[in-house]
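Undergrad: Please work out how this folds:
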Amino acid sequence: MSTTPAKNLETFPNPAPQRDFQIHMEIPEFTCLCPKTGQPDFATLWLDYIAEKTCIELKSLKLYIWSFRNVGCFHEAVTNRILDDLVSATRPRYMKLTARFYVRGGIFTTVVAEHRKKGWTPAPAVAMADLADRAGQSPTRG
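TA: Presented below is the predicted three-dimensional model:
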């Protein structure tokens, strides 16, 4: 596989398609260019998804993300474009992309875009005790 930035997103079979499980990725080195000034914009991306039949292969995701380094993009447009491309490649049950762009002119920008497969309903959330509670160190305990 190449190490040159590329728009191609590779996938692999979901190892447990019978169950909903969350995949979380943090991408702290996203860069693109401001379409007005040409100056670099920097962001951290958080990708959360529940796969259907395929998962995103990490190296191809890295090369895909690199492909935006010299592209002029508004924050809102690039976040939605990345989500659309990832959804197109994987056809997930659910996917959310959060893009937190670093300060520019005294303003942080966070863009959140979501996709839900038509007809998919998430399983009810399960409340688990946090680590402090399990260790008997909860502030509510005496």
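Undergrad: Can you name every helix or strand that the lengthiest helix in the chain contacts?
TA: The helix that spans the most residues within the chain, counting by DSSP state H, is helix 75-90. Secondary-structure packing of helix 75-90 (3 or more C-beta pairs under 8 Å, 6 or more residues apart in numbering; DSSP states H and E): strand 40-50, strand 54-56, strand 94-104, strand 107-116. Quick note: C-beta positions are derived from backbone N, CA and C, even for glycine.
Undergrad: So which of the ones you listed is nearest Ile27?
TA: strand 40-50 (4.0 Å; C-beta to C-beta).
Undergrad: As JSON lines, the helices and strands packed on helix 75-90 with mean neighbour count, mean pLDDT and distance to Ile82 would be great.
TA: What follows is those, written out as JSON lines (neighbours: other C-beta atoms under 10 Å; pLDDT from 0 to 100; distance: least, C-beta to C-beta, whole Å):
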{"stretch": "strand 40-50", "mean neighbour count": "18", "mean pLDDT": "97", "distance to Ile82": "7"}
{"stretch": "strand 54-56", "mean neighbour count": "18", "mean pLDDT": "98", "distance to Ile82": "11"}
{"stretch": "strand 94-104", "mean neighbour count": "18", "mean pLDDT": "95", "distance to Ile82": "6"}
{"stretch": "strand 107-116", "mean neighbour count": "14", "mean pLDDT": "96", "distance to Ile82": "8"}
